[in-house]
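> No letters, just coordinates:
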């Protein structure tokens, strides 16, 4: 991957696109199955806690991406976005997002600053 500017977890706000994030996988949640209401297709989704020195956030990993993730590994997330799910922020791949394992280091993850815990209200 080329040298791109990485956003820090504590800089994330709702509904931004084209984010590059360097983060460590802290915890892999359970994989569950959801059905697309329009097509009836079944998809796998997994909540993944990721973080850096500035904080932690939940990532929604879907389908084939789930198998690529290893707890404790560091990844470069390219062209991802933030969404609000139940009024809380999370990172999502969308259609253009990609992931690549990184050789960069993240020494200490700030577990005290979980930005996915903050609730956002609705805009008037």
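Okay, I see it. If you're wondering where the values come from, they're calculated on a predicted model, not measured in any experiment. Numbering: from 1, shown residues only.
> use CA for all of it now, contacts and neighbours both
OK.
> Now the lengthiest strand in the chain: average pLDDT?
In terms of residue count, the longest strand belonging to the chain (DSSP state E) is strand 19-35. For strand 19-35, the mean pLDDT works out to 94.
> likewise stretch 62-78?
Mean predicted lDDT for stretch 62-78 stands at 92.
> Same check on stretch 88-101?
For stretch 88-101, the mean per-residue pLDDT is 91.
> which residues sit against that stretch?
Identification of contacts with stretch 88-101 by CA atoms under 8 Å, 6 or more residues apart in numbering yields 13-14, 57-61, 73-84, 115-120.
> Out of the residues you listed, list just those in helices.
Applying DSSP state H to the contacts of stretch 88-101, no entry is found in helices.
> Filter these down to the buried ones.
13-14, 57-61, 73-84, 115-116 (16 or more other CA atoms under 10 Å).
> when you check those against the strands, which ones overlap?
57-61, 74-84.
> what two of the residues you listed are the furthest from one another?
74 and 84 (23.9 Å; CA to CA).
> about what we covered before: now do the longest strand of the chain: distance to the chain's middle.
Relative to its chain's centre, strand 19-35 lies at 6 Å (CA atoms, centre = their mean, to the nearest Å).
> I'd like the next helix or strand past that strand.
For strand 19-35, the succeeding helix or strand toward the C-terminus, using DSSP states H and E, is strand 42-52.
> Starting from that next one, tell me which strands it pairs with and how they run.
strand 19-35 (antiparallel), strand 55-62 (antiparallel) (DSSP bridges).
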